[in-house]
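Enquirer: below is the sequence, then the predicted model.
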Amino acid sequence: MRPILQLGEKPMKLLRTCATQIAGPENRLILGISALASQPFIDFYNKNVDEKTRKYSVCKTIAKIIVGTTVGVIVRALAIKYSAQLLKTVDVSELVPNVLRKPENRKILQNTIGDILGLGVCLFSNFLIDAPLTKVGTNLLTKKFIKEEK
Amino acid sequence: MKGLNNFCQNILNKFCQQGISDRANFLKNIAVIGWILSSLAQTCAVIFNDKIPSKEKRFLVPQEIFDGLANATLFWFITSKATDFGKKLILKKIVLPKSLVNVMNDFTTKAKDIPKLKEKFLAHIKKYGTKENLKTAEMSIEGMGVLSGITGAIFANNIITPIVRNKLAGICQKKEMDRVKENAPLNPYYGNVNINTGFYSKSPHPLIKPSTFRGFEHNISMKI
């Protein structure tokens, strides 16, 4: 018989958190932080382009990740907060009738509706907030780090 | 109008159902849509940034486009595989919560795809275990799916995608620069094309691009 790796209380707590607590904002934050830790270095050591292009690329990547993550997390978190209010006032039992009967799924339902709302808001915020702020951030970084080469 | 309303309602309904019953895949799907939107916006941000020289734009614009394409496809593919891998760890009894080890001792199945495997796995617990066991099993399958999905997403999004997009964008930039080089000089009156700016080195006006003059030298009357 194949041996089974048994999960104790601590790993189970982590899995429970993953299953119920991780929604759009947490997902975006995890991906954003890991992106900031890896992508600028990959761009900096990109041998396919010359040094100046590489520097522009690094500045753009850093600005994009910082702005994208900050705006993304805020928008998604606000959407989830709003969805909690929405669930108190609007009857969504028609939308997901069988699931609403389980009270333990209330938090997951709130996160789900928040994530969908957040995605809708991101449709606008990406163009109206992310893009202009990334442009400003990229210009600030290039001004600071590519000054002597201009 | 009613049809459109029903269509929207159906999509929202499906999303909600998936968000509750299949959290890992739901997170993956909304992340992919998010990446596509974000990439579109960022491409616009680079195109309309007049402070970035045109030579760098020739790399940065395709870099953004390939970032979106590579992100959407690689992210979706790798995260899907990682999510399935995580769920199978539990469903195939490689990893199990301590409380389920005894209940699942006799469980065997030949099912290979995840929905069937999950159905049989949960049916076995319903038959031989308690309600608490069932809840733990559901939680551990979903939790493991989300955890491995996030690990896959980090790998796809932050390591594979940047390498692929940089390679593809580098090829695009090189092709574009070669094209500019091949076409230079386009006009003897305005000198060679400056590779860095894409403009004629002797152009009377900095905004006059080489394309403005393409074919100019073949115009005999103008030469005379």
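Expert: Received it, and whenever you're ready, just let me know what you need.

Enquirer: hey, where'd the helices end up in chain B?
Expert: For chain B, applying DSSP state H gives helices covering B:2-21, B:23-47, B:54-91, B:98-101, B:114-128, B:131-155, B:161-183, B:210-213, B:220-223.

Enquirer: spatially nearest residue to A:Ile108, not counting backbone neighbours?
Expert: B:Ile20 (5.3 Å; C-beta to C-beta, 6 or more residues apart in numbering or on different chains). All C-beta atoms are positioned from the backbone trio N, CA, C, and that covers glycine.

Enquirer: follow-up on the earlier one: wait, which of the helices of chain B is closest to A:Ile33?
Expert: helix B:131-155 (9.4 Å; C-beta to C-beta).

Enquirer: elements contacting the closest one?
Expert: Of the remaining helices and strands, those touching helix B:131-155 by 3 or more C-beta pairs under 8 Å, 6 or more residues apart in numbering or on different chains; DSSP states H and E are helix A:9-20, helix A:24-44, helix B:23-47, helix B:54-91, strand B:95-97, helix B:98-101, helix B:114-128.

Enquirer: repeat that with 6 Å
Expert: helix A:9-20, helix B:23-47, helix B:54-91, helix B:98-101, helix B:114-128 (3 or more C-beta pairs under 6 Å, 6 or more residues apart in numbering or on different chains; DSSP states H and E).

Enquirer: any buried residues in the second one, and which?
Expert: Neighbour counts over helix B:23-47 (16 or more other C-beta atoms under 10 Å in any protein chain shown) mark B:23-32, B:34-35, B:37-46 as buried.

Enquirer: just the third one next, same as before
Expert: Going by neighbour count (16+ other C-beta under 10 Å), the buried part of helix B:54-91 is B:54-72, B:74-76, B:78-80, B:82-84, B:86-91.

Enquirer: these: which ones sit near chain A?
Expert: B:56, B:59 (C-beta under 6 Å from any C-beta of the partner chain).

Enquirer: is B:Ile154 in contact with A:Ile33, as I believe?
Expert: No. With contact defined as C-beta atoms under 6 Å, B:Ile154 does not count as touching A:Ile33 (9.4 Å).

Enquirer: the lengthiest helix in chain A vs helix B:23-47, what angle?
Expert: Counting by DSSP H, the longest helix found in chain A is helix A:51-89. Put simply, helix A:51-89 runs at 130 degrees to helix B:23-47, going by axes from the mean of the first three to the mean of the last three C-alpha atoms, to 10 degrees.

Enquirer: the inter-axis angle of helix A:51-89 versus helix B:161-183?
Expert: 130 degrees.

Enquirer: before we move on, the earlier item: least reliable of the helices of chain B going by mean pLDDT?
Expert: Lowest mean pLDDT of these: helix B:220-223, a mean of 42.

Enquirer: which residues of chain B lie near chain A?
Expert: B:13, B:15-16, B:19-20, B:27, B:30, B:33-34, B:37-38, B:41-42, B:44-45, B:49, B:51, B:56, B:59, B:93, B:95-98, B:101, B:139-140, B:142-144, B:146-147, B:150, B:154, B:157-158, B:162, B:166-167, B:170.

Enquirer: number of nearby residues for A:Leu14?
Expert: A count of nearby residues for A:Leu14, using other C-beta atoms under 10 Å in any protein chain shown, gives 13.

Enquirer: so what's it up against?
Expert: Contacts for A:Leu14 (C-beta atoms under 6 Å, 6 or more residues apart in numbering or on different chains) come out as none.

Enquirer: that older thread, okay, the helices and strands packed on helix B:131-155 in TSV with distance to A:Ile80 next?
Expert: Formatted as TSV, these follow (distance: least, C-beta to C-beta, whole Å):
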stretch	distance to A:Ile80
helix A:9-20	13
helix B:23-47	12
helix B:54-91	21
helix B:98-101	31
helix B:114-128	27
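
Enquirer: and B:Leu134, how many neighbours?
Expert: For B:Leu134, using other C-beta under 10 Å, the count is 15.

Enquirer: go on, B:Lys110?
Expert: 7.

Enquirer: got it, and B:Asn13?
Expert: Counted with other C-beta under 10 Å, residues neighbouring B:Asn13 total 15.

Enquirer: would you mind measuring from the nearest residue to B:Gly129 once chain neighbours are set aside to chain A?
Expert: Distances taken as C-beta to C-beta, 6+ apart place B:Val103 nearest to B:Gly129, at 4.2 Å, with adjacent residues excluded. For B:Val103, the distance to chain A equals 12 Å [C-beta to the nearest C-beta, to the nearest Å].

Enquirer: my read: B:Val103 touches B:Thr130, true?
Expert: No. At 8.4 Å, B:Val103 and B:Thr130 do not qualify as touching, with contact defined as C-beta under 6 Å.

Enquirer: who's more crowded, those two?
Expert: B:Val103 (20 against 12).

Enquirer: tell me the spacing between the more buried one and A:Ile146.
Expert: Note on B:Val103: its distance to A:Ile146, by C-beta to C-beta, to the nearest Å, is 62 Å.

Enquirer: tell me the pLDDT at the residue nearest the centre of chain A?
Expert: For chain A, the residue nearest the mean C-alpha position is A:Arg28 (1.4 Å; C-alpha atoms, centre = their mean). A:Arg28 is assigned 87 on the pLDDT scale.

Enquirer: so how many other residues sit close to the residue lying closest to A:Gly32 once chain neighbours are set aside?
Expert: Ranked by C-beta to C-beta, 6+ apart and with sequence neighbours excluded, the top spatial neighbour of A:Gly32 is A:Thr69, at 2.9 Å. Residues near A:Thr69, counting by other C-beta under 10 Å, number 19.

Enquirer: got the phi/psi numbers for A:Asn48?
Expert: Backbone torsions for A:Asn48, taken as degrees, to the nearest 10, come to phi -80, psi -20.
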